[in-house]
Structures are given as C-alpha cells and as structure tokens.
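**Student:** here are the coordinates; sequence isn't available:
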Ligand code: CU
Ligand code: ZN
C-alpha cells in the first residue's frame, strides 16, 4: 500500500487555499456593503434639504449627494459630533467631529483638520449643490472611533474659510441630518 501522506498534504493545501479564498471574498463583500447616508432637513428657518451618501473607498470615504434650496455660492459642509438635529438651529449637533483633537481645517489640509471638515459645497444659480468629495479621517464601518455612523451632517449659511477655529466662520446651521 502506498504512502497516503502526499495526497493528504495536497488536500490540506487545497483546503487552506479555499479558506483563504472564501475569507477574501467575504471580506470584500462586507467592505462593499460599507455605505451610509443622511437625509438633511431644514434648520434655522431655511428651505434647505437634501441627501448625502458615504461610501468606503479603501481607507478613504467618498461623499456624494445633492442639497437644494441654498443661496448660490459656497456653504460650509461638515460632519458634527452628535447625531441630534432636534434643535431649531441645529446647535444640538454639537461641534465638528474631531476624534483626533486637531484644529479646524479643510479636506485637503495635510497637516491636520477635524475629521468632519469637508470644506464647502457650491450651489448653482438654482440653489442646488452637487456633492462629490473624497476624504480621509473617517470611516463608514460601525464600531470604529472614526465612524460616521450616528453623527450629524450640517450645511451652513456661509462659506467655510477652512482655517478659523472652531468652525471656519461659516455662520448658522441651515440644514442637518443624522448618518445611518
Ligand atoms: Cu458645521
Ligand atoms: Zn472643523
């Protein structure tokens, strides 16, 4: 009778290869499902509303969406630390999401910025802003310190200068939504 070992070893290799393959496929599927969104409703008596989506792309997050009812031009756009839009002026959403204790900045700041600093959105003449920006410092996964889940997306009355603390001089909060 021949030695059965080589066959067993080959079977073990196949089993390990299959397991690696299945694990990779499962991880890829879980990653692909990593998306979140917020529906923004008016605050401070504005007519502003819209939707924002968050999609994990590697170690960055792509933010998309559309905001309507704005005055034309730039408006500060941030993730705030609390998913609470209950106050009429949306102050209940707290300050900018800032898990690293950094100063205020903009999405392109290499030195540091609040993770929730998304810069500005730009409304056209009809008052609609289309959003497409990819940022670092946040994650769509739950149970991570940098997760966007349960935080508040806020649009401001004025432009964010992307340098003044604590919030870029962007004025009042005119729309707010909770990330789910
Ligand atoms: Cu803000
Ligand atoms: Zn900030």
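**Tutor:** That came through fine. None of the values given here were measured: they were computed from a predicted structure. Ligands and ions are numbered 1, 2, ... in the order given.
**Student:** for the rest of this, base every contact and every neighbour count on C-alpha atoms.
**Tutor:** OK.
**Student:** could you check how far the closest residue to residue 53 other than its chain neighbours is from residue 73?
**Tutor:** Spatial nearest neighbour of residue 53, chain neighbours left out: residue 37 (4.2 Å); criterion: Cα to Cα, 6 or more residues apart in numbering. Distance of residue 37 to residue 73, computed by Cα to Cα, to the nearest Å: 24 Å.
**Student:** these two - which one has more neighbours?
**Tutor:** Just comparing residue 37 and residue 73: by other Cα atoms under 10 Å the higher neighbour count belongs to residue 37, 21 against 16.
**Student:** so that one touches residue 56, yeah?
**Tutor:** No. Counting by Cα atoms under 8 Å, residue 37 stays clear of residue 56, with 11.7 Å between them.
**Student:** dump the residue contacts of the residue in the chain that ligand 1 sits nearest to.
**Tutor:** Residue nearest to ligand 1 within the chain (Cα to the ion): residue 78, separated by 4.4 Å. Residue 78 makes contacts with 96, 116, 117, 118, 119, 153, 154, 155, as judged by Cα atoms under 8 Å, 6 or more residues apart in numbering.
**Student:** just the buried residues of the residues you listed.
**Tutor:** Buried members of the contacts of residue 78, scored by 16 or more other Cα atoms under 10 Å, are 96, 116, 117, 118, 119, 153, 154, 155.
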